[in-house]
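> sequence and predicted structure are below.
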Amino acid sequence: MRKKNNIKRHINLNLIIIFLLIIFLIKSDFFRNLYFLNQDGYTKRMVARYGYCTKESYGFLIDLKKKYKFDVNPKIVNYDVLPPSNWIVYNSSQDFEKRPRIFLNYQKDLSLIFNNLGKNFKSEGYVQYTDLLESITFITKNKNFYINDKIKIYKIFNGKKKLIFERYVNKNIENQKKIYLNFKTEEFNSRWEKFYFELENTNHNNKIDKVILNFRNKYQFSDEDVLFSKKNCFYIK
Amino acid sequence: MIEIILIFFQIFFIGCLINLSIPKIKINSTFTTSLTESLILKSIIFINILLVFSLLNISLNYLIISLIVFSLILILKEKEKNKINFNLKNFLIFIYIFIISIALTYDLQLGWDAKFFWFLKTINFYQDNSLSNLEKLPATDYPHLGAYIWSFFWRFPFDSYEYLGRIFYVFLYILSIFYFCEIFKSNETYKLILSSLIILTTFDIELFNGNQEIVVFSLMLVASKLSYELVTRKIKNPTIHLIFLLLSFNAALWVKNEGLFLLGFILFIILFFGNLNLKQKKFILLGSILLITARFVIFYFLNTELESFQFEKTFSSSFFENLLLNLKTISFYSIVYSLSLPLILLSLLTLLLNIYLFKIDKIQLFIISYLILNVLFIFAAFMFTMEDVEWQVKVGLKRVMFESSGFYLLTIVYLFNKIKR
């Protein structure tokens, strides 16, 4: 009788193990993984994961590597906030090229949008590879208004405000009209930092919906310079 | 289908190579009893052998030839046949490794740091380039052993997909959990249930994305088990335990920088709480000093720069101005991440329960001491970072906490074994 109970208990415990294994199979999506692993080849899965000319642009870089023989590891510039895509084409026996020739997710015009928080404006998204703040555009709520005020842009680093731009503006503000600043700076290049836009006189804040900063792209090239391209991905001379 | 077959054989290759190329290990004058114990301890030796080969800049081809020759000698020398018991435990170990390998093969995701430097280091070794060649890559202050192992199993036996190299991480992770669960005073079936539960709570496909935290986590589990045995039992001849503790420590030193502290603390507190005589304590102390010195001397000659920590920048006037704010930020995220890491949450709750239920004894003090040192390390490490502290804490703290989380499972072991008694 005791032996029988022991066997019964043992079976129950083994059932728990099987039950846990089934949960794990479900948690890890085992059957779906197995099915798609059988369906999709390695390159297809890599392109699905890292994009053709999106994200790290795996497909574009692999095509490029097939088409051109690199003597040095190309310097790759990706306009999306992602780790460098060098790992896709890296050759450890070669040095790195100094001048960037591959541009992924290239954006000709760079801009940073600031949303109204009431007392100030907070940036949304990020800007990379700029060296000049070209202009500022106000998206007003309904009518034009006059600013005779200081505008300030700062970022918060380690809990402290760091002023990166300040200018006195004495202008009539029209909806979507550019105010040219031409301020040389690389301070706006950022991968995670948020920026804050402030008007000294906060009374104007309720008249503004959004503020847009327009930047010049540090890397500019013409169509003749392009050797190979797909959508927003370029390989230049 | 080919990829599935490759995975299947890759797992067998890893298991066979490690099992056959390392001689049988004796613990307390008897050979290791379970395949799990034998494999995990041999893996620790294997990792250290790979480290030596990488430091000597010996080509991967010579390494595999040496290992195969050594395996053949051992097979011929050992009269006893290398039999593998196909019991439920070994079957479960294989199944778990296979399931996770399939998930990582389908997922193919590499982590941010993996894409930024770990994988580049791996490619360097895969393409048979030397350790000094890593100089041109980012993060020169990060050690290379994890990447070296990755490149080795990427190259051998199939030389096809990079993810085959990462299957070793899965192998180490699963084995370390099953090995750890051998300290529970219960029958085999309960241990299997507990192992399965730990896998269920800790598994996340992101752990195998090429970042090295999973290797440190696995080494931590091995070191935790060995140290727990040294604290709770009076082992007749603890030398093998001490050697494996030092080997795990050495492996962790060369996998990630924080390994120095996370496993180093175990070695440090074992001096106070382990059942060791003076000679054995001296062995641990001198052994660790030697390993740490070797690590720093080699890094010095490799011209590595401490990129991630810039003390001159940290110790500016703003460091003291932001001290309180940074402390607050680290404390806040520590609590948040403790809640999101089930292993830490469960273990800390069990620790409180243990303190409430039982008298604080040597084992509890051992665990609490580690906790204190670990917390101090986390605060110090993130205060002295060169980046914005909040950003660094957001992206890095959870991973560092995960690495040491295996140690706190000892609180559950303590409770379980007390109740069983």
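Sure thing, it's come through.
> give me the below-cutoff pLDDT ranges for chain A.
Applying pLDDT under 70 to chain A picks out residues A:1-4, A:158-159.
> and it, what are its domain boundaries?
As assigned by automatic domain parsing, chain A contains the domains A:2-37, A:45-106+A:222-236, A:110-217.
> possible to save the ones you listed as JSON lines with mean neighbour count and distance to chain B?
Where C-beta positions appear, they are placed from N, C-alpha and C, glycine not excepted. Formatted as JSON lines, those follow (neighbours: other CB atoms under 10 Å in any protein chain shown; distance: least, CB to the nearest CB, whole Å):
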{"stretch": "domain A:2-37", "mean neighbour count": "13", "distance to chain B": "4"}
{"stretch": "domain A:45-106+A:222-236", "mean neighbour count": "17", "distance to chain B": "4"}
{"stretch": "domain A:110-217", "mean neighbour count": "16", "distance to chain B": "5"}
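> let me see the contact set for residue 175.
As the question left the chain open, I've gone with chain A. A:138-140, A:144 (CB atoms under 8 Å, 6 or more residues apart in numbering or on different chains).
> try again with chain B
B:36, B:39-40, B:43, B:93, B:218.
> now with 10 Å, please.
The contact partners of B:Leu175, taken as CB atoms under 10 Å, 6 or more residues apart in numbering or on different chains, are B:15, B:18, B:35-43, B:93, B:96-97, B:218, B:221-222.
> helices along chain A, start to end?
A:2-27, A:30-39, A:42-50, A:58-67, A:86-89 (DSSP state H).
> now tabulate the ones you listed in JSON lines and tack on distance to A:Leu227.
As requested, the helices of chain A are arranged in JSON lines below (distance: least, CB to CB, whole Å):
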{"stretch": "helix A:2-27", "distance to A:Leu227": "47"}
{"stretch": "helix A:30-39", "distance to A:Leu227": "35"}
{"stretch": "helix A:42-50", "distance to A:Leu227": "22"}
{"stretch": "helix A:58-67", "distance to A:Leu227": "9"}
{"stretch": "helix A:86-89", "distance to A:Leu227": "15"}
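> ok, which of those helices comes nearest B:Asp388?
Nearest to B:Asp388, of all the helices of chain A, is helix A:86-89, at 24.8 Å by CB to CB.
> quick revisit: and the furthest pair within the contacts of A:Asn175?
Longest span within the contacts of A:Asn175, CB to CB: A:Ile139 and A:Asn144, 12.3 Å.
> which stretches of the stretch 301-421 of chain B form helices?
B:311-314, B:317-321, B:323-340, B:342-357, B:362-383, B:389-405, B:409-420 (DSSP state H, counting those that start in this stretch).
> single out the most deeply packed of those helices.
Per-stretch averages of neighbours, counted by mean count of other CB atoms under 10 Å in any protein chain shown, single out helix B:389-405 among the helices of the stretch 301-421 of chain B, with a mean of 21.
> show me the contacts for residue 149.
Chain wasn't specified; assuming chain A. A:Asp149 neighbours (CB under 10 Å, 6+ apart): A:167-171, A:199-204.
> meant chain B, my bad for not saying
B:Ile149 touches B:43, B:46-47, B:50-51, B:54, B:122, B:125, B:165-166, B:168-169, B:172, B:212, B:215, B:251, B:255, counting by CB under 10 Å, 6+ apart.
> any chance you could read off phi and psi for B:Ser59?
Main-chain torsions, B:Ser59, degrees, to the nearest 10: phi -60, psi 150.
> run a quick neighbour tally on it.
When neighbours are defined as other CB atoms under 10 Å in any protein chain shown, B:Ser59 has 13 of them.
> for the nearest residue to it once chain neighbours are set aside, grab the count of nearby residues.
Closest residue in space to B:Ser59, ignoring its immediate chain neighbours: B:Asp128 at 5.5 Å, by CB to CB, 6 or more residues apart in numbering or on different chains. Number of residues near B:Asp128 (other CB under 10 Å) recorded here: 15.
> isn't B:Asp159 right next to B:Gln127, touching?
No - applying CB atoms under 10 Å, one finds B:Asp159 not in contact with B:Gln127, separated by 11.6 Å.
> could you dump the contacts of A:Asp149 to CSV with distance to B:Val413?
Rendered in CSV, the data for the contacts of A:Asp149 read as follows (distance: CB to CB, whole Å):
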residue, distance to B:Val413
A:Arg167, 64
A:Tyr168, 68
A:Val169, 67
A:Asn170, 72
A:Lys171, 71
A:Leu199, 61
A:Glu200, 62
A:Asn201, 65
A:Thr202, 59
A:Asn203, 65
A:His204, 64
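> tell me which two of those residues sit farthest apart.
A:Arg167 and A:Asn203 (18.8 Å).
> figure out which of the helices of chain A is closest to B:Phe402.
helix A:2-27 (17.5 Å).
> list the contacts of the residue nearest to B:Ser59.
A:92-93, B:57, B:59-61, B:151, B:155.
> how about TSV for those residues, with distance to A:Phe114 added?
Shown next, in TSV, are those (distance: CB to CB, whole Å):
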residue	distance to A:Phe114
A:Ser92	43
A:Ser93	47
B:Asn57	53
B:Ser59	56
B:Leu60	53
B:Asn61	58
B:Ser151	46
B:Arg155	51
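> and which of these is nearest to A:Val77?
When the contacts of B:Asp128 are compared against A:Val77 (criterion: CB to CB), the nearest one is A:Ser92, at 21.0 Å.
> quick one: contacts for that closest one?
Contacts of A:Ser92 by CB under 10 Å, 6+ apart are A:73, B:120-130, B:133-134, B:136-137.
> the residues you listed in strands, which ones?
A:Asn73 (DSSP state E).
> mind listing what the residue lying closest to B:Phe283 once chain neighbours are set aside touches?
Computed as CB to CB, 6+ apart, the closest residue to B:Phe283 that is not its neighbour in sequence is B:Leu242, at 5.9 Å. Listed by CB under 10 Å, 6+ apart, the contact set of B:Leu242 reads B:226-227, B:230, B:235, B:267, B:270, B:274, B:276, B:280-281, B:283-284, B:287.
> which of the residues you listed sits closest to chain A?
For the contacts of B:Leu242, the residue nearest chain A by CB to the nearest CB is B:Leu226; the value is 26.1 Å.
> right, and B:Leu397 touches B:Ile330 too?
Yes - in terms of CB under 10 Å, B:Leu397 counts as a neighbour of B:Ile330; the distance is 7.3 Å.
> which residues do these two both contact?
B:378, B:381-382.
> how much space between A:Lys178 and A:Arg216?
Per CB to CB, to the nearest Å, A:Lys178 is found 13 Å from A:Arg216.
> give the residues shared as contacts by the two.
Counting by CB under 10 Å, 6+ apart, the residues touching both A:Lys178 and A:Arg216 are A:134-135.
> and the angle from the strand or helix carrying B:Phe178 to helix A:42-50?
Assigned by DSSP states H and E, B:Phe178 belongs to helix B:163-180. Interaxial angle, helix B:163-180 versus helix A:42-50 (axes from the mean of the first three to the mean of the last three CA atoms, to 10 degrees): 70 degrees.
> identify the residues contacting stretch B:277-287?
B:230, B:235, B:237-239, B:241-243, B:245-247, B:249-250, B:267-268, B:270-272, B:274, B:276.
> hmm, back to that, now do the helix holding B:Phe178, average pLDDT.
Helix B:163-180 shows a mean pLDDT of 97.
> same check on stretch B:207-219?
97.
> could you confirm whether that stretch reaches chain A?
Yes - if you take CB under 10 Å from any CB of the partner chain as the test, stretch B:207-219 does meet chain A, through B:Gly210.
> export that stretch as PDB, just CAs?
The C-alpha trace of stretch B:207-219 is given here as PDB (Å, rounded to 0.1, in the frame of the first residue of the first chain):
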ATOM      1  CA  LEU B 207      19.600  37.300 -21.800                       C
ATOM      2  CA  PHE B 208      21.100  35.600 -24.800                       C
ATOM      3  CA  ASN B 209      21.400  38.600 -27.000                       C
ATOM      4  CA  GLY B 210      25.200  38.600 -26.900                       C
ATOM      5  CA  ASN B 211      25.600  40.700 -23.700                       C
ATOM      6  CA  GLN B 212      27.700  39.000 -21.100                       C
ATOM      7  CA  GLU B 213      25.500  39.200 -18.000                       C
ATOM      8  CA  ILE B 214      24.200  35.700 -18.400                       C
ATOM      9  CA  VAL B 215      27.700  34.300 -18.100                       C
ATOM     10  CA  VAL B 216      28.400  36.200 -14.900                       C
ATOM     11  CA  PHE B 217      24.900  35.100 -13.600                       C
ATOM     12  CA  SER B 218      25.800  31.400 -14.300                       C
ATOM     13  CA  LEU B 219      29.300  31.700 -12.700                       C
END
